[in-house]
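**Q** How does the following fold in three dimensions:
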Amino acid sequence: MVSTQPKILLVDDESAITYNLAPFLERAGFAVQVAQDGPSGLEAVASFRPSLVVLDVLMPGLNGREVLRRLRQSGDWTPVILLTQVGDAVERAMALEEGADDYLNKPFDPHELVARIRTVLRRARPGVPPLAAASRLVSGGLSLDRPSRRVRLDEHEIPLTPKALNLLEYLMTHPDELITRERLLDAVWGWDYPAGIRTVDTRIAELRKALGDDALNPRYIETLPGEGYRFIAAVEAGA
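**A** Below is the predicted model:
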């Protein structure tokens, strides 16, 4: 009988992590294979044919970002979640633009990793680049051109502060996903940024005003009281 379990390839050189994490992922319902470095990870992608790769960035020799680049350059769009210890939001945004589907900052809660894996698997389409790698994001009349950092709504350019634009970008690359304020603060401002979660609420309010979005009857950004925010409109990679 053929197994219907999603197959997860865990690539990390820290045995202390893989020793505990692999069994945890198996208990969560995944079939798991472990690779201890970049070269063996690339080999395992070809032989194991995983549904998703959990890939550590900071590995000696062939690091995780280089593994990711080689996969994408070869036309392999297997979903990838990066495990990183980099707190800088710009650095992590660059990794996403190179073709990662998501990232998680170390140290992390294994339950959070499982939630991210399931979300990415729901969102991923076989052989199709992730939204995080798209140069242009489109949702109805709303478009975000990432290279030029310009946002248009119904063909009219709308001005946004850099943080509000980065916040919109993160929400649009994670459509229909509940994202906590803490996660948005980490993703957009960086883990060591001296700001509280009210900063996120302020920028969300700025976005809504610019988009003409009603918080009580939203087209784009939904508030889940006490939980976070969700981009509810469909998003596609634009030409």
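**Q** Which residue, other than its chain neighbours, is closest to the residue most central in space within the chain?
**A** Nearest to the centroid of the C-alpha atoms of the chain, with distances taken as C-alpha atoms, centre = their mean, sits D102, at 2.4 Å. Once flanking residues are discounted, D102 sits nearest to I81: 4.9 Å by C-beta to C-beta, 6 or more residues apart in numbering. Any C-beta I mention is one placed from the backbone N, CA and C, and that applies to glycine too.
**Q** Spell out which strands sit alongside the strand or helix carrying the one you found in the sheet and which way each one runs.
**A** Here I81 sits within strand 80-84, counting by DSSP states H and E. Paired neighbours of strand 80-84 in the sheet (DSSP bridges): strand 52-56 (parallel), strand 102-105 (parallel).
**Q** So for it, mean pLDDT?
**A** The average of the pLDDT scores along strand 80-84 is 90.
**Q** Now do that strand: distance to the chain's middle.
**A** 9 Å (C-alpha atoms, centre = their mean, to the nearest Å).
**Q** do stretch 102-118 as well
**A** 10 Å.
**Q** do stretch 206-213 as well
**A** With C-alpha atoms, centre = their mean, you get 23 Å for stretch 206-213.
**Q** cool, and stretch 232-239?
**A** Its chain's C-alpha centre and that of stretch 232-239 lie 15 Å apart, by C-alpha atoms, centre = their mean.
**Q** For M1, give me the pLDDT.
**A** pLDDT, M1: 47.
**Q** Does the residue nearest to D102 touch F108 like I think?
**A** No. Using C-beta atoms under 8 Å, I81 is not in contact with F108, being 10.3 Å away.
**Q** Which one of the two is surrounded by more residues?
**A** I81 (20 against 15; other C-beta atoms under 10 Å).
**Q** Enumerate the beta-bridge partners assigned to the more buried one.
**A** Residues in beta-bridge contact with I81 (DSSP bridges): V54, D102.
**Q** give me every residue that touches it.
**A** I81 sits next to 52-55, 100-104, 113, 116-117, 120 when contact means C-beta atoms under 8 Å, 6 or more residues apart in numbering.
**Q** With V138 instead?
**A** Residues in contact with V138 (C-beta under 8 Å, 6+ apart) are L144, V235, E236, A237, G238.
**Q** Near the third one, how many other residues are there?
**A** It stands for E236. 14.
**Q** Name whatever forms a beta bridge with it.
**A** E236 has these beta-bridge partners by DSSP bridges: V138.
**Q** From K163, how far off is it?
**A** Look at E236 and K163: by C-beta to C-beta, to the nearest Å, they are 25 Å apart.
**Q** What ranges in the protein fall below the confidence cut-off?
**A** 1-3, 86-96, 191-195 (pLDDT under 70).
**Q** Let me see the ranges of the helices in it.
**A** 15-27, 38-48, 64-73, 89-97, 110-123, 162-172, 181-184, 198-211 (DSSP state H).
**Q** so which of those is the most packed in?
**A** helix 162-172 (a mean of 21; mean count of other C-beta atoms under 10 Å).
**Q** what does that helix rub up against?
**A** By C-beta under 8 Å, 6+ apart, helix 162-172 touches 89, 93, 131, 137, 139, 144, 146, 149, 151, 160, 179, 184, 187-189, 200, 203-204, 206-207, 210, 221, 229, 231, 235.
**Q** And stretch 22-37, by the same measure?
**A** Residues contacting stretch 22-37 (C-beta under 8 Å, 6+ apart): 3, 5-13, 15, 18, 41, 43-44, 48, 50, 59-62, 110, 113-114, 117.
**Q** P225: which of the contacts of I81 is nearest?
**A** In terms of C-beta to C-beta, no member of the contacts of I81 lies closer to P225 than R116, at 22.7 Å.
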